[in-house]
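# Task: produce atomic coordinates for the following.
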Amino acid sequence: MTEQPQEPCFVRSNGAPIPNMRRFSHEAMATIFELMIIHEDERYARQAATAAFDEVDRLERELSRFIENSDIARINNLPVNRSLLLGLDAFECLKVSVQMYHETKGAFDITIGSLLKCWRDEEGNPRTPSEKELNFARLHTGGHLIRLDEREHTIQLAASPVLVDLGGIGKGYAVDRVADLLREWSIETALISGGYSSVLALDAPPGTKGWPLTLSDPIDRTRILARPHLRAGALGGSGVKKGGHIISPRTGRPIEGKRAAWSAAPDAGTADALSTAFMVMDTDEIHRYCSLHPDRRAMVMLMEPDEKMQKDKVLHFGSWPEEELVQ
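Have a look, this model is predicted:
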């Protein structure tokens, strides 16, 4: 069975109620966006949340490949070497995506659409492609095929078709834009989530060391892996349900050996992209990456090949606080 990454669970821990916390939710981007805002004026917090969710809806109209005439849908129909003028958000999201492609040496790649299409039939059911199909898809996959003109805010493609899919970064990018909007509303204490896979904290609630969260085994949600207290930073998560697969943009084939991956980074877009990349990168690569980027961390759950073992192995990379990890 071939699947897109499923969302590992980020859940509020069962702590004491936080005074003046207002909670709002909204369905968008095939998930539930949620805001937790600390503000004494409930009406003002609700108005800010409404504006934030309007922004998420606007971004979805620009960034979704499923919406006709979105910037991404137009890119996916763009002939080779022809320039296309992009909106600011589509351009910025693509710019970050290409940067993450190079930073992760191709482990994160928004041009994976052609490969994903190979492994599904017209109804979206799993199928096994031929080598000819895979070779064609590989020729139309790679961040190097995207040429962005910063001055003109245009894109050109070095091959066609190139099928862009922002599923690994779009929610994180939207969460970052919501954070910007809340700051414009002078709201500095909030937790923003794009589903359970992309979470960003502004300032921590008064008298706390951060927003209490739990990171759980995506197969056994009762198994808690970590209890981070998040402030001024983001967490991202990617994974597969039992029996599912994630396609590697490097090989064009399903990855093996990993159940889920989590990342911590200063912003949600980066954390979102990295959690996907960490599913593809081997453990030595992840270690080197986190060593070169001390403001980023990784946690990876390996699939245990021995069915007699009760728990999959979990590895940590970077400076995870020991008190937040569950042994």
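# Span of stretch 180-192 from start to end?
11 Å (Cα to Cα, to the nearest Å).
# Ok, stretch 60-79 next?
Start to finish, the residues bounding stretch 60-79 are 24 Å apart (Cα to Cα).
# chain center to it: distance?
On the basis of Cα atoms, centre = their mean, to the nearest Å, stretch 60-79 sits 19 Å off its chain's mean C-alpha point.
# Over to stretch 107-117?
On the basis of Cα atoms, centre = their mean, stretch 107-117 sits 14 Å off its chain's mean C-alpha point.
# taking the mean pLDDT, what do you get for that stretch?
The pLDDT scores in stretch 107-117 average 96.
# Give the buried residues for that stretch.
Using 16 or more other Cβ atoms under 10 Å as the test for burial, stretch 107-117 gives 107-117. Where you see a C-beta, it was placed from the backbone N, CA and C, and this is true even at glycine.
# Number of residues surrounding the closest residue to residue 83 other than its chain neighbours?
Leaving aside its chain neighbours, residue 83 sits nearest to residue 154 (4.4 Å; criterion: Cβ to Cβ, 6 or more residues apart in numbering). The local packing of residue 154 (other Cβ atoms under 10 Å) involves 15 other residues.
# Could you measure from residue 154 over to residue 76?
Distance, residue 154 to residue 76, by Cβ to Cβ, to the nearest Å: 16 Å.
# Dump the buried residues of stretch 107-117 to CSV, plus distance to residue 36 and secondary structure.
Formatted as CSV, the buried residues of stretch 107-117 follow (distance: Cβ to Cβ, whole Å; DSSP: H, G, I helix; E, B strand; the rest coil):
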residue, distance to residue 36, secondary structure
107, 32, coil
108, 28, coil
109, 33, coil
110, 29, coil
111, 35, coil
112, 32, coil
113, 34, helix
114, 39, helix
115, 37, helix
116, 33, helix
117, 37, helix
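# ok, of those residues, which one's closest to residue 59?
Within the buried residues of stretch 107-117, the smallest distance to residue 59 is 15.2 Å, found for residue 110 (Cβ to Cβ).
# Next, that closest one: phi, psi?
Dihedral angles of residue 110 (phi, psi; degrees, to the nearest 10) stand at phi -80, psi -10.
# In which helix or strand does the residue nearest to it when sequence neighbours are not counted reside?
What sits nearest to residue 110 in space, not counting adjacent residues and going by Cβ to Cβ, 6+ apart, is residue 97, at 4.5 Å. Taking DSSP states H and E as the criterion, residue 97 maps to helix 88-103.
# Buried residues, that helix. List them.
Neighbour-count burial for helix 88-103 flags 89-98, 100-101, 103 (criterion: 16+ other Cβ under 10 Å).
# give me the element residue 279 is part of.
Element membership for residue 279 (DSSP H and E) is helix 268-280.
# Run the angle between that helix and helix 88-103 for me.
40 degrees (axes from the mean of the first three to the mean of the last three Cα atoms, to 10 degrees).
# Kindly give the local confidence score, pLDDT, for residue 125.
Predicted confidence (pLDDT) for residue 125: 81.
# actually residue 73, sorry about that
pLDDT for residue 73: 97.
# Would you agree it is in contact with residue 63?
No - using Cβ atoms under 8 Å, residue 73 is not in contact with residue 63, being 9.8 Å away.
# which helices and strands does the helix holding residue 279 pack with?
With contacts taken as 3 or more Cβ pairs under 8 Å, 6 or more residues apart in numbering; DSSP states H and E, helix 268-280 sits against helix 88-103, helix 170-184, strand 190-194, strand 198-201, strand 233-239, strand 258-265, strand 297-302.
# got those as CSV, with distance to residue 33 columns?
CSV is the format used below for the helices and strands packed on helix 268-280 (distance: least, Cβ to Cβ, whole Å):
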stretch, distance to residue 33
helix 88-103, 16
helix 170-184, 8
strand 190-194, 5
strand 198-201, 9
strand 233-239, 14
strand 258-265, 19
strand 297-302, 24
